[in-house]
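> Sequence plus the predicted model coming up.
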Amino acid sequence: MTKPVSFHLKKELKNHFFDYLLLITAGIFFLILLNIFRGQRVIEFIVLVSFAFFYIIWGVYHHIVNETLHLKTVVEYILIAFIIIFLLKIIILP
Amino acid sequence: MQKIKNFIHLACRQAGHLFIPHEENNFRAKSLHTDFLTVYLVIAFLMMIVFKQANLHNILGFATDISVDKLYQIVNEQRQKNNLSPLVLNSSLSLAAQKKAENMFQENYWSHYSPDGKTPWDFILGANYKYEYAGENLAKNFLFSSGVVDAWMNSTAGHRENILKKEYTEVGYAIVNGILNGEQTTLVVQLFGTPLAGSFSPPPVQAVQAKETTAVVENKSQQILAQKTFQPKINAFNLTFNFNVIFMAFLLLALALDFYFASKFNIIRIAGKNTAHFLFIIFILMGLFISTIGTII
């Protein structure tokens, strides 16, 4: 019998509780910093880039801990982070 | 007919592979494959370069979606909602607003009063506008006209009172780009006025005829350049903003579907964590909306 998707989601979050807590905390911190430096475009961009780099490091750390680290996985995190950086650069620092 | 059926069948199959993990796409939605992500990256990079090279914020007016027409329209809608007469766009007040914004860049201050003591009223009188009542609202670094007016309307520091003051009959706007405190800034100056009875008042300017004025004000030894530009038919900034939101929504959809089907079919594979990508993009989207909010005084 197939289990519902919510079961898999809960299992994923429960099994890696600390990792996701770290990511969510960093995300909240990112939003707070953006709000503090609202309107200061250069600082906003630095905050964005820092969060994106943290995300890559988080990805590598998470897969090392789970012993699932693979070059393809690292490249995936890097690509997603840089797509976001390039797209938001147009908005924040045209 | 059979050919069309085959084509539709093939198209549906290919679209399915874009989102549904299957052995034919190596058990990972094709839209999330490394080669697809690389294509997205190249497109994003090219867009960034084109936007920079074309220097759209100079050619098309501003790096924001703020326009005099839109501000004028939204403010008057707010007044009409409160049973007040709409304000008339006045060229002298717009000139005074323009001078005020230029002065803010020249003397590098973010305040209603300049460091050498100039008041908003000096600029209004300097534009030959004799007033009975006058007021000023300022905003900087907003990305959308509606954001500016919303912030003023939600303010408890007198901005809302200015917009809804029944004594005011005329308004002037300036939207000026420049460097303030070392940062590229888009300033919005809104001046309200009621002409003194019997004083000369220039003919009102229709909102539809209003043009935006770009002024690049640089420091002391540099020149002040002012030029008139028309509002572009297609707003490049708005287009880019919407593209970003749509693209991120597409990524979220792809991640959600991939996660759903991978869970449903109990697929185990070597790939990044969809949950983490999903959270990251959600935080970025929230950040994008925070960055559309500027500051007012």
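Okay, I see it.
> So is the longest strand along chain B next to chain A?
If you go by DSSP state E, chain B has its longest strand at strand B:183-195. Yes - using C-beta under 8 Å from any C-beta of the partner chain, strand B:183-195 reaches chain A at B:183-184. For every residue, glycine as well, the C-beta is placed using N, CA and C.
> Would you mark the buried spots in that strand?
Buried residues in strand B:183-195, defined by neighbour count with 16 or more other C-beta atoms under 10 Å in any protein chain shown: B:185-195.
> Low-confidence ranges, the chain, go.
I'll assume chain A. For chain A, the stretches with pLDDT under 70 are A:1-2, A:94.
> try chain B instead
Scanning chain B with the threshold set as pLDDT under 70 gives B:54-63, B:198-236.
> what's the single longest helix in it?
Under DSSP state H, the helix in chain B containing the largest number of residues is helix B:236-264.
> swap in chain A?
Identified as the longest helix of chain A according to DSSP H is helix A:41-65.
> Could you tell me which residues make contact with the residue positioned nearest the centre of chain B?
Compute the mean C-alpha point of chain B, and by C-alpha atoms, centre = their mean the closest residue is residue B:143, 2.3 Å away. Remark: with contacts taken as C-beta atoms under 8 Å, 6 or more residues apart in numbering or on different chains, residue B:143 is in contact with A:91, B:64-66, B:237, B:241, B:291-292, B:294.
> And it, its phi and psi?
phi -100, psi -20 (degrees, to the nearest 10).
> Could you measure from it over to residue A:37?
For residue B:143, the distance to residue A:37 equals 15 Å [C-beta to C-beta, to the nearest Å].
> In a strand, residue B:134, correct?
Yes - in this structure, residue B:134 lies within a strand as judged by DSSP: H, G, I helix; E, B strand; the rest coil.
> Surely it and residue B:120 touch.
Yes - using C-beta atoms under 8 Å, residue B:134 is in contact with residue B:120, at 7.1 Å.
> Tell me where the stretch 101-250 of chain B has strands.
Taking DSSP state E, counting those that start in this stretch, the strands of the stretch 101-250 of chain B run over residues B:131-140, B:170-180, B:183-195, B:212-217, B:224-229.
> Among these, which comes closest to residue B:272?
Of all the strands of the stretch 101-250 of chain B, it is strand B:183-195 that lies closest to residue B:272, at 34.9 Å by C-beta to C-beta.
> Stretch B:51-64: end-to-end distance?
Length of stretch B:51-64, first residue to last, C-alpha to C-alpha, to the nearest Å: 13 Å.
> Pretty sure residue A:88 sits against residue B:288.
Yes - using C-beta under 8 Å, residue A:88 is in contact with residue B:288, at 6.6 Å.
> intersection of neighbour lists for these two?
residue B:244.
> How about the contacts made by the residue nearest the centre of chain A?
Centroid-nearest residue in chain A, with C-alpha atoms, centre = their mean: residue A:55, separated by 3.6 Å. By C-beta under 8 Å, 6+ apart, the residues touching residue A:55 are A:23, A:26, A:77, A:80-81, B:276, B:280.
> Columns neighbour count and distance to residue A:65 on top of those residues, output as a markdown table?
Output for the contacts of residue A:55, formatted as a markdown table (neighbours: other C-beta atoms under 10 Å in any protein chain shown; distance: C-beta to C-beta, whole Å):
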| residue | neighbour count | distance to residue A:65 |
| --- | --- | --- |
| A:23 | 22 | 13 |
| A:26 | 19 | 16 |
| A:77 | 23 | 14 |
| A:80 | 26 | 20 |
| A:81 | 23 | 19 |
| B:276 | 21 | 13 |
| B:280 | 28 | 18 |
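> biggest separation within the residues you listed, which pair?
A:26 and A:80, at 15.3 Å, using C-beta to C-beta across those.
> ranges for the helices of chain A?
Under the criterion DSSP H, chain A carries helices at the ranges A:5-15, A:17-36, A:41-65, A:71-92.
> What of the stretch 51-200 of chain B?
Per DSSP state H, counting those that start in this stretch, the stretch 51-200 of chain B carries helices over the ranges B:56-59, B:68-81, B:91-107, B:120-126, B:145-154, B:159-163.
> Next to chain A, which bits of the stretch 1-150 of chain B? Give me the list.
Counting by C-beta under 8 Å from any C-beta, the residues of the stretch 1-150 of chain B near chain A are B:32, B:34, B:37-38, B:40-41, B:44-45, B:47-48, B:51-52, B:56-57, B:63, B:140-141, B:143.
> Does stretch A:34-41 reach chain B?
Yes - counting by C-beta under 8 Å from any C-beta, chain B has neighbours in stretch A:34-41: A:34-35, A:38-41.
> Among those, list the two that are farthest apart in space.
Across the residues of stretch A:34-41 next to chain B, the longest distance by C-beta to C-beta is 14.2 Å; it joins A:35 and A:41.
> number of nearby residues for residue 4?
Since you didn't name a chain, this refers to chain A. The local packing of residue A:4 (other C-beta atoms under 10 Å in any protein chain shown) involves 10 other residues.
> My question was about chain B, not that one.
8.
> Could you do the one 5 residues further on as well?
Neighbouring residues of residue B:9 were enumerated by other C-beta under 10 Å; the total is 10.
> coming back round to it: any chance of a markdown table for the buried residues of strand B:183-195, columns distance to residue A:64?
Shown next, in a markdown table, are the buried residues of strand B:183-195 (distance: C-beta to C-beta, whole Å):
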| residue | distance to residue A:64 |
| --- | --- |
| B:185 | 43 |
| B:186 | 44 |
| B:187 | 48 |
| B:188 | 49 |
| B:189 | 54 |
| B:190 | 55 |
| B:191 | 59 |
| B:192 | 61 |
| B:193 | 65 |
| B:194 | 69 |
| B:195 | 72 |
